[in-house]
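>>> Provide a 3D model corresponding to the input given below.
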Amino acid sequence: MPAEHKSLKGQLLLDGGSLAGSFFHRTVVLVCQHDAEGAFGLVLNRQSGRSVGDALVADLAEQLKELPLLVGGPVQPTAMSFLHTDLYLPEANVLPNLALGHSLDDLLAIGDSWSATSRVKLFAGYAGWSPGQLDGEMKRRAWLTHPASLDLVFDTPPERLWQLVLRSKGSKYRLLAESPENLHWN
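Purely as a prediction, here's the structure:
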């Protein structure tokens, strides 16, 4: 009898030190979908150095144009995804009050109804896993997991996210969080 699938949707995946030399070195990935068909996630701490307005040719609200564009992963680097939260989102599909979207029309609607409580992060590309691939990586302990929260997604500076989450996991991971990116610098 096959083992029951354990979804990681709504969890953060962190490089636990075994992904050096790969795209995912020191990344934090929010798992947005995970089922028997595979998994979809967005890297929360890889900045592109560009704004959304520089990358998207669309009549977006100024608040959206000014946002930094993040690199969501190595798959389809021209594909757009976004995470959105507000006081109440009945269409939340990742976490309570956190929605994943891919449609430019939906993004335009968010811009048109922008409020002081709206929060959006936009991504170019994504992290994707074929059926069973992420489960295999978890068995090999390629990733550490941590519960996602709106604060971690929207309020933690991307450049500090990996270290902050590792430190919160306890003293066992503090040395990894404090180590230089290149051990030769030590």
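>>> give me the pLDDT value at residue 185.
Residue 185 carries a pLDDT score of 46 in this model.
>>> ok now the helix ranked longest in the chain, how far from the chain's centre?
Assignment by DSSP state H gives helix 158-168 as the longest helix of the chain. Here helix 158-168 shows a centroid-to-chain-centroid distance of 13 Å under the convention C-alpha atoms, centre = their mean, to the nearest Å.
>>> for the next helix or strand after it, which helices and strands make contact with it?
Per DSSP states H and E, helix 158-168 leads on to helix 171-178 as the next helix or strand towards the C-terminus. Using 3 or more C-beta pairs under 8 Å, 6 or more residues apart in numbering; DSSP states H and E as the contact test, the elements touching helix 171-178 are helix 158-168. For glycine as for every other residue, the C-beta is placed from the backbone atoms N, C-alpha and C.
>>> contacts only, for the spatially closest residue to residue 149 that is not a sequence neighbour.
Excluding its sequence neighbours, the residue lying closest to residue 149 (C-beta to C-beta, 6 or more residues apart in numbering) is residue 95, at 7.6 Å. By C-beta atoms under 8 Å, 6 or more residues apart in numbering, the contact set of residue 95 is 10, 148, 149, 150.
>>> in the protein, which helix or strand is least confident?
helix 171-178 (a mean of 83; mean pLDDT, DSSP states H and E).
>>> hmm, who's touching the helix or strand containing residue 40?
Element membership for residue 40, per DSSP H and E: strand 38-43. Outside strand 38-43, the residues that touch it by C-beta under 8 Å, 6+ apart are 8, 13, 24, 27-34, 70-73, 81, 83, 100, 123, 126-131, 133-134.
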